[in-house]
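Trainee: no FASTA, just this:
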């Protein structure tokens with residue numbers, strides 16, 4: 001992992017991502033239609049793997065489904081009502097669910113919102129809800145949310161990485177990357193967070209104060225702003241649009 005002292009941008013770091021949410025596509029899922037031959041999902045499909053299920057969204061519409069480890073498969077009612085048909089799983093392949101290293105340089109050219117998340121915080125519902133509203137609005141314009149679970153504040157993220165992903169996916173329909181649990185303060189602080197804090201300290205000081213602190217990063221990987229845990233994601237929208245160059 002890159003040393004914080006030599007880092008010049010967020011892109012200098014390597015972190016471990018859960019393959020439960022979109023990372024470089026590595027999963028092939030095949031579905032069949034009752035009246036058609038088997039069809040493969042589009043190459044740019046957004047694919048998410050969880051400890052219990054596989055969730056995917058086809059690029060052509062708001063379709064998603066769940067692949068159970070036992071082999072069962074279901075699609076939500078909204079998709080069945082749109083297609084008027086049922087689908088069945090033919091075969092699937094996925095990577096090991098133990099996590100994989102991701103070089104953050106893959107996000108060069110994208111605007112990033114980096115957030116330390118927790119599942120049992122008083123801010124959980126509002127933040128996760130608004131993050132899931134922001135992401136689909138701007139992801140096609142080069143926007144990414146990077147979520148880092150952390151259990152350092154009141155022990156409010158006690159679950160395993162897979163449990164955390166399952167919670168975010170099922171309850172809040174999160175479709176952005178959720179990384180391995182990290183420390184954001186203390187002796188074992190993640191080098192990425194050491195860099196983020198050194199880049200934007202100011203009134204916030206040298207520590208993260210609570211869950212859902214937010215860092216906004218430009219396309220070159222530079223930290224341009226930092227927001228308090230109580231700052232709602234939707235209130236940051238204007239700053240995101242400015243960095244994206246959208247009107």
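Mentor: Yes, it's here. Quick caveat: nothing in here was measured; it's all calculated off a predicted structure.
Trainee: and stretch 170-183, what's its mean pLDDT?
Mentor: What stretch 170-183 shows for mean pLDDT is 88.
Trainee: list the contacts of the helix ranked longest in the chain.
Mentor: Determined from DSSP state H, the single longest helix within the chain is helix 124-138. Contacts to helix 124-138, defined as CB atoms under 8 Å, 6 or more residues apart in numbering, come from residues 111, 113, 115, 117-118, 143, 145, 147, 156, 168, 171-176, 211-212, 232-234, 236-237, 240-241, 244, 246. From N, CA and C alone the C-beta is placed, and that goes for glycine too.
Trainee: mind listing what the nearest residue to residue 221 once chain neighbours are set aside touches?
Mentor: Taking CB to CB, 6 or more residues apart in numbering, and ignoring the residues beside it in sequence, residue 221 has residue 9 as its nearest neighbour in space, at 3.0 Å. Residues near residue 9 by CB under 8 Å, 6+ apart: 220, 221, 222.
Trainee: same deal with residue 229?
Mentor: Here residue 229 is in contact with 123, 209, 210, 211, 212, 213, 214 (criterion: CB under 8 Å, 6+ apart).
Trainee: and the gap between it and residue 124?
Mentor: Residue 229 sits 11 Å away from residue 124, taking CB to CB, to the nearest Å as the criterion.
Trainee: so who does residue 157 touch?
Mentor: Neighbour list for residue 157: 117, 118, 119, 120, 121, 149, 150, 151, 164, 181, 211 [criterion: CB under 8 Å, 6+ apart].
Trainee: quick one on the thing from earlier: buried ones among the contacts of helix 124-138?
Mentor: Among the contacts of helix 124-138, those scoring as buried are 111, 113, 115, 117-118, 143, 145, 147, 156, 168, 172-176, 211-212, 232-233, 236, 240-241, 244 (criterion: 16 or more other CB atoms under 10 Å).
Trainee: of the contacts of residue 229, which belong to strands?
Mentor: residue 214 (DSSP state E).
Trainee: reformat the contacts of residue 229 as CSV; add pLDDT and distance to residue 201.
Mentor: CSV is the format used below for those (pLDDT from 0 to 100; distance: CB to CB, whole Å):
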residue, pLDDT, distance to residue 201
123, 97, 22
209, 93, 12
210, 96, 16
211, 98, 19
212, 98, 18
213, 97, 12
214, 97, 15
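Trainee: could I have the buried ones of the contacts of residue 229 as PyMOL selection syntax?
Mentor: In PyMOL syntax, the buried subset of these is picked out as below (16+ other CB under 10 Å):
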select buried, resi 123+210+211+212+213+214
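Trainee: ok, of the contacts of residue 229, which one's closest to residue 196?
Mentor: Relative to residue 196, the closest of the contacts of residue 229 is residue 213; by CB to CB it sits at 9.0 Å.
Trainee: and the helix or strand harbouring residue 16, what does it pack against?
Mentor: Using DSSP states H and E, residue 16 falls within strand 14-17. Judged by 3 or more CB pairs under 8 Å, 6 or more residues apart in numbering; DSSP states H and E, strand 14-17 is in contact with strand 100-103.
Trainee: mind listing the strands the strand it packs on pairs with, and their directions?
Mentor: Strand pairing for strand 100-103, determined by DSSP bridges: strand 14-17 (antiparallel).
Trainee: so for the strand it pairs with, what's the average pLDDT?
Mentor: Per-region confidence: strand 14-17 scores 71 on mean pLDDT.
Trainee: for the residue nearest to residue 221, give me the pLDDT.
Mentor: Reading off the model, residue 9 has pLDDT 78.
Trainee: just to be sure, residue 116 is in a strand?
Mentor: Yes - Residue 116 forms part of a strand when assessed by DSSP: H, G, I helix; E, B strand; the rest coil.
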